[in-house]
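just coords:
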């Protein structure tokens, strides 16, 4: 009986040892995602349009990043902060970062203060990763005049672009937003400068691939900032204006004088849905006329509006494939005298010239073959990536704050070595179990 108890104690000890090995395997950390500060790899950055901007205008900026020998892995994030006086035009917008062939190599998310790019596994095994980002921003403040836009660069450097912020003197403006239901919401701001205007009339003409939807909402409005405004509620009624619809838009006339800004909202239907996500620019034109009383003089002003599915953000990248191109060592590096010294100088020179040409031809053929092999290897790799079963991945997340990005890394899935480790543990467990049975039998 004592021997049986001793055998059970041995078996329990072996099982405990197996449990410790399994727990220790779980405790081994996988490759953690890295959050890179994009400024440390930015080689150039600038404003690409302007230099004169109204506060509602889009300021386009461009970054060039070079990672050199720093590898980029699946789940790694790259954070780029906008210059202090710029803000993201479309916070929350996401876009793909692609390579030369159009393959997606990462996803980018725009915030008010910058952009965060999360890389996938397309750059695994590559070096000299380079990224180019084109981003749409707006000026953050309400002041005017020349302003310096400062971009931080690698090695504590910087690049400065100068822009000129000017006040918007227009008294009429037009803007649009594409809706999820395939319509466009257009807004006309009338009497933007809050002047006293008589006999105000609006004539609106919609552009191609749109159909007018009858019904307008007319509201008095007031400014809250250089670019922000609010509509008063309730909206104006049909007693305040007269509207006539036609195929290409509408005509609207106010019954009374205006001494305050007015917002006119209405919708058009997109007639070709294939254009919605194509980046096509839908256009619209509005004209305001006023005056023409006792003086007989009629004033007019026009505003052109356009809207596109493109948010103005894009990214592209490239990298070098790591592969061995070193030639095998040439054991015979000396000059061979093929005739044991019986050639004349002229004959030797002619022979060496012929040999040099033949060697050059061979080297050219070898280089061409090597290039073809490398191309085939890359093509095969792309095919394998396309046909391979996709792997589940837990993305690292980055939370934006004012002017700063806080990174919260998460463990990535185990690498391909994980199944090998589990197989090893399974085999060890089986051996321990068999050994335990033998011990019990002996007792």
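Structure received. Bear in mind the structure is a predicted one, so any value in this text is a computation, not a measurement.

can you list contacts of stretch 167-186?
Stretch 167-186 is contacted from outside by 54-56, 144, 187-193, 195, 204, 210, 213, 265-270, 273, 276, 282, 284-288, 301-309, using Cβ atoms under 8 Å, 6 or more residues apart in numbering. Placement of C-beta: from N, CA and C, glycine included.

not counting sequence-adjacent ones, nearest residue to residue 248?
Sequence neighbours aside, residue 205 is the residue nearest to residue 248 in space, at 5.3 Å (criterion: Cβ to Cβ, 6 or more residues apart in numbering).

which SS state does the one you found fall under?
Under DSSP: H, G, I helix; E, B strand; the rest coil, the three-state class of residue 205 is strand.

also residue 233?
Following three-state DSSP, residue 233 is assigned to coil.

could you report the neighbour count for it?
Residue 233 has 7 neighbours, counted by other Cβ atoms under 10 Å.

I figured it was touching residue 220, is that so?
No. Using Cβ atoms under 8 Å, residue 233 is not in contact with residue 220, being 9.4 Å away.

rewinding a little: just the buried ones from the contacts of stretch 167-186?
54-55, 187-192, 204, 210, 266-268, 270, 276, 282, 284-286, 288, 303, 305, 307-308 (16 or more other Cβ atoms under 10 Å).

okay, now the domains of this protein?
2-30+416-442, 35-167+313-321, 172-308 (automatic domain parsing).

highest mean neighbour count out of these?
Highest mean neighbour count of the domains of the chain: domain 35-167+313-321, a mean of 18 (counted as mean count of other Cβ atoms under 10 Å).

which pLDDT value goes with the closest residue to residue 144 other than its chain neighbours?
Of all residues not flanking residue 144 in the chain, residue 165 sits nearest, at 4.8 Å (Cβ to Cβ, 6+ apart). Per-residue confidence (pLDDT) for residue 165: 95.

wait, residue 165 touches residue 148, no?
No. Here residue 165 does not reach residue 148: they are 11.6 Å apart, not a contact under Cβ under 8 Å.

overlap in contacts of these two?
Residues touching both residue 165 and residue 148 (Cβ under 8 Å, 6+ apart): none.

what ranges do the strands span in the stretch 1-150 of the chain?
Counting by DSSP state E, counting those that start in this stretch, the stretch 1-150 of the chain has strands at residues 35-37, 42-47, 52-53, 59-66, 77-81, 86-88, 94-98, 104-110, 114-119, 126-139, 145-152.

looking only at pLDDT, what's the mean for the third one?
Averaged across strand 52-53, pLDDT comes to 94.

ok, the last one next?
In this model, strand 145-152 carries a mean pLDDT of 96.

which other helices and strands contact that strand?
Judged by 3 or more Cβ pairs under 8 Å, 6 or more residues apart in numbering; DSSP states H and E, strand 145-152 is in contact with strand 42-47, strand 59-66, strand 158-165.

repeat that for the second one.
Using 3+ Cβ pairs under 8 Å, 6+ apart as the contact definition, the elements that strand 42-47 packs against are strand 59-66, strand 145-152, strand 158-165.

ok, now the fifth one?
In this structure, strand 77-81 packs against strand 35-37, strand 114-119, strand 404-408, with contacts taken as 3+ Cβ pairs under 8 Å, 6+ apart.

and the ones you listed, which one's lowest on average pLDDT?
Among these, strand 404-408 has the lowest mean pLDDT, at a mean of 35.

picking up where we left off before, now, which of the buried ones among the contacts of stretch 167-186 lie within strands?
Within these, residues falling in strands by DSSP state E are 187-190, 204, 210, 266-268, 270, 282, 284-286, 288, 303, 305, 307-308.

so what's the closest residue to residue 308 other than its chain neighbours up against?
Leaving aside its sequence neighbours, residue 308 sits nearest to residue 281 (Cβ to Cβ, 6+ apart; 4.7 Å). Neighbouring residues of residue 281 by Cβ under 8 Å, 6+ apart: 306-308.

and residue 291, by the same measure?
197-199, 297-299.

per-residue pLDDT of it, please?
pLDDT for residue 291: 90.
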